[in-house]
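Trainee: my questions concern the predicted model and sequence given below.
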Amino acid sequence: MNFAKKIFWLLVAALGAGALGFVAIARGEPINAVWLVVASACIYAIGYRFYSRFLAYRVLQLDDGRATPAERLEDGRDFVPTNKWVVFGHHFSAIAGPGPLVGPILAAQFGYLPGTLWIIIGGVLGGAVQDFVVLFSSVRRDGKSLGQMAKEEISGLAGFAALFGVLSILTIVIAVTGLVVVNALKASPWGFFTIAMTVPIAILMGIYMRFLRVGRAIEASLLGFVLVMASVVGGRYISESHLLAPYFTYSAIGLAWMLVLYGFTASVIPVWLLLAPRGVLSTFVKLGTILLLAGGILAVRPTMLMPPLTRFIDGTGPIFAGKIFPFCFITIACGALSGFHSLISSGTTPKMLSKEGQARMVGYGSMLVESFVAVMAMIAACVLKPGIYFAVNSPAGIVGRLPQQAVATISGWGFPVTAQDMSDLATKVGEVTLFNRTGGAPSLAVGMAHIFSGSLGGAAMGIWYHFAIMFEALFILTILDAGTRVGRFLLQDLMGHFWKPLGKTSWYPGIILSSAIMVTAWGYFLFQGVMDPLGGINSLWPLFGISNQLLAAIALCVCTTILIKMGKSRYILVTLAPLVWLVSATMTASAQKIWAPDPALGFLAHARYLAEQIAAGTIAADKIADTQRLIFNDRLDAMVTLVFATVVLVILVESGRNWWLYSSGRKRVVLSESPVELSRLIA
């Protein structure tokens with residue numbers, strides 16, 4: 001590196017460190033959001049330029065001359081060598097689901113400081129490392145899944161536990177993802193029309209790139225973007241039409257059924273028809289929107305109205321219960337470190353990568369972009385008046401169903417808001433009401449609309465709000481289609497042990513059966529959340545966060561084992577350090593959610609409290625059925641959390657045992673990589 005470059009990177013490092021230091025220690029006057037943008041952008045640039053390069057060429061030793069599974073096993077359906085930018089788009093859109101948007105929004109109840117620090121530090125040193133190493137490992141093993149790699153690299157017991165755990169956890173992840181979409185789109189014809197139109201637009205893009213203009217991803221993206229923007233504008237006229245609006249207005253139950261049908265369809269059709277083009281479209285919109293949002297923040301320079309720390313750091317928050325440790329980290333999830341990403345990195349993406357060297361950009365780079373999205377989400381939440389933020393995100397079961405009840409409760413917390421404030425805001429964004437819109441998506445859309453309309457005037461706020469809803473739903477729906485397809489791969493792996501044809505990813509009866517089982521499983525939890533009187537997010541999001549982080553622990557166990565077997569033991573801290581942190585935070589959260597005596601925090605304590613209320617006769621007769629459903633849900637959630645934690649403990653013990661055997665020379669090292677075959681593809 002020449003002298004000029006060294007000076008440049010030293011300046012970037014100094015600027016990032018200075019901005020982050022100011023954010024961390026600033027007290028008294030509210031700070032400007034620009035400080036967060038500068039701090040995160042500089043640190044991400046340093047992380048990618050130096051840390052990811054160290055991982056790529058010193059630790060993993062990527063080799064572009066080695067043929068990837070996409071080249072060697074090409075079948076036109078799942079294994080397809082794909083343009084690196086299309087792969088980046090698919091991977092980013094698949095991993096960037098609700099976590100980087102919803103997690104920071106919900107964690108903002110603690111204030112902006114703890115969440116922002118974890119998003120930046122966790123993304124660079126944890127999340128991006130996991131994604132990169134898992135992707136590399138799967139590429140070297142014919143695109144095998146995380147469960148298969150655990151079986152081959154750790155032990156048969158670990159492999160079975162990992163496969164069971166991954167399938168179970170994936171079910172929860174997809175269900176909560178769907179719940180966020182449902183809460184954002186229910187009774188919203190404008191939002192529903194816009195999102196519904198993205199499906200035929202994505203299919204049109206797939207046909208365009210496959211047959212009309214082969215491989216022209218940029219052309220297809222521009223076409224898709226124009227059509228999506230037309231849908232956003234057209235949705236306004238749909239919502240204002242007394243004739244058309246009823247055809248695009250659906251209840252939460254109706255939307256849930258539609259999502260189940262969509263997930264099944266997306267899982268069984270070829271990857272090039274919907275999954276890949278939707279990924280390209282999503283990425284084009286997502287990256288453009290994030291850059292636009294960052295530019296808007298720099299232009300408008302909004303003040304962070306949420307304090308750095310709120311009164312709810314004591315664990316009494318209305319959006320979810322629990323103290324900063326461990327629940328800030330569990331709640332943010334995907335914005336810093338996500339186990340779900342390991343399923344994409346060992347699912348669809350390694351089957352599309354044409355060169356090993358692209359794993360650095362796709363694996364590490366995509367996660368940094370997602371982490372930056374999480375920072376933007378935190379800013380969008382915290383530039384709102386805190387009273388408005390809590391009015392939108394707090395469930396009716398806590399603040400009250402009537403506007404007057406909600407504003408009285410929230411104002412009593414020290415965050416003033418009036419019913420007129422909320423009514424005026426709903427009118428500006430083209431909605432009937434914004435009270436109790438749990439799930440994070442509506443409040444993020446309001447924050448984004450507030451920033452975007454800062455330079456355009458209030459008249460544009462409705463357009464920007466529904467553009468933001470479309471932007472969020474594009475993030476989230478890609479989790480549904482990619483996640484269901486990955487679940488199908490895993491389920492077929494499992495079923496193939498009982499009857500070999502079911503394990504063939506090319507056999508359509510097996511594809512249909514496994515897809516149906518997968519959508520039935522996550523559909524059950526989706527409907528559980530939809531019918532939950534507390535809004536679903538209050539109980540399901542902590543379960544989502546715990547399961548997601550436990551899945552990351554499984555992935556990091558596999559990564560650490562592979563590094564040891566590659567003879568890279570001196571570098572294992574790159575995966576072992578985030579693993580230790582994850583296990584400490586997630587096991588603490590699991591124990592508290594199961595056994596905490598506070599009904600607001602512990603699943604079993606809440607079930608006991610409700611059962612006592614029924615026994616005492618204090619529950620109205622027409623509410624007993626709902627209450628019994630809540631009791632069942634609490635007990636089920638406790639059992640699911642216990643199962644997840646047990647699975648991870650089994651894998652941790654098995655991994656530790658094998659690490660000791662390898663290091664002591666008592667077990668022969670057998671690295672289960674595919675045979676080396678020279679690549680014939682040009683990068």
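Mentor: Alright, I've got the coordinates.

Trainee: pretty sure Lys565 contacts Tyr662?
Mentor: Yes: counting by Cβ atoms under 8 Å, Lys565 does reach Tyr662; the two are 6.8 Å apart. Backbone N, C-alpha and C define where each C-beta goes, glycine included.

Trainee: shared neighbours, the two?
Mentor: Residues touching both Lys565 and Tyr662 by Cβ atoms under 8 Å, 6 or more residues apart in numbering: Val669.

Trainee: those two: which is more packed in?
Mentor: Neighbours per residue, other Cβ atoms under 10 Å: of Lys565 and Tyr662, the larger number sits with Lys565, 19 against 16.

Trainee: please report the distance of the more buried one from Asp314.
Mentor: Distance from Lys565 to Asp314, counting by Cβ to Cβ, to the nearest Å: 45 Å.

Trainee: could I get the buried residue list for the longest helix seen in the chain?
Mentor: Looking across the chain with DSSP state H, the single longest helix is helix 624-663. The neighbour-count check on helix 624-663 (16 or more other Cβ atoms under 10 Å) flags 627, 630-631, 633-638, 640-642, 644-645, 647-648, 650-652, 654-655, 658-659, 662 as buried.

Trainee: now do stretch 211-229
Mentor: So stretch 211-229, judged by 16+ other Cβ under 10 Å, has buried residues 217, 220-221, 223-225, 227-228.

Trainee: stretch 290-310 now?
Mentor: Across stretch 290-310, burial judged by 16+ other Cβ under 10 Å covers 290, 293-294, 296-297, 300, 302, 304-308, 310.

Trainee: next: stretch 195-205.
Mentor: The neighbour-count check on stretch 195-205 (16+ other Cβ under 10 Å) flags 195-199, 201-202, 204-205 as buried.

Trainee: which of those residues fall in helices?
Mentor: 195-199, 201-202, 204-205.

Trainee: can I get the residues you listed in JSON lines with distance to Ile398 and pLDDT?
Mentor: What follows is those, written out as JSON lines (distance: Cβ to Cβ, whole Å; pLDDT from 0 to 100):
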{"residue": "Ile195", "distance to Ile398": "28", "pLDDT": "80"}
{"residue": "Ala196", "distance to Ile398": "32", "pLDDT": "82"}
{"residue": "Met197", "distance to Ile398": "35", "pLDDT": "85"}
{"residue": "Thr198", "distance to Ile398": "33", "pLDDT": "81"}
{"residue": "Val199", "distance to Ile398": "35", "pLDDT": "82"}
{"residue": "Ile201", "distance to Ile398": "39", "pLDDT": "85"}
{"residue": "Ala202", "distance to Ile398": "38", "pLDDT": "81"}
{"residue": "Leu204", "distance to Ile398": "44", "pLDDT": "85"}
{"residue": "Met205", "distance to Ile398": "43", "pLDDT": "83"}
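
Trainee: out of those residues, who's nearest Thr265?
Mentor: Among these, Val199 lies closest to Thr265 (Cβ to Cβ), at 9.1 Å.

Trainee: distance of the closest one from Ser231?
Mentor: Taken as Cβ to Cβ, the span from Val199 to Ser231 is 11 Å.

Trainee: could you do Tyr57 as well?
Mentor: Note on Tyr57: its distance to Ser231, by Cβ to Cβ, is 44 Å.

Trainee: please say which of these two ends up with more neighbours.
Mentor: Per other Cβ under 10 Å, whichever of Tyr57 and Ser231 has more neighbours is Ser231, with 21 against 12.

Trainee: which helix or strand contains the more buried one?
Mentor: In this structure, Ser231 is located in helix 217-240 according to DSSP states H and E.

Trainee: and the contacts of that helix?
Mentor: Residues contacting helix 217-240 (Cβ under 8 Å, 6+ apart): 83, 85-86, 89, 188-191, 193-194, 197-198, 201-202, 204-205, 208-209, 213, 244-245, 248, 277, 280-281, 284-285, 288, 430, 462-463, 466-467, 470.

Trainee: same deal with stretch 188-196?
Mentor: 181, 184-185, 228, 231-232, 234-236, 238-239, 244-250, 255, 430-431, 466, 469-470, 473-474, 477.

Trainee: from the middle of its chain, how far away would that stretch be?
Mentor: Relative to its parent chain, stretch 188-196 has a centroid offset of 22 Å by Cα atoms, centre = their mean, to the nearest Å.
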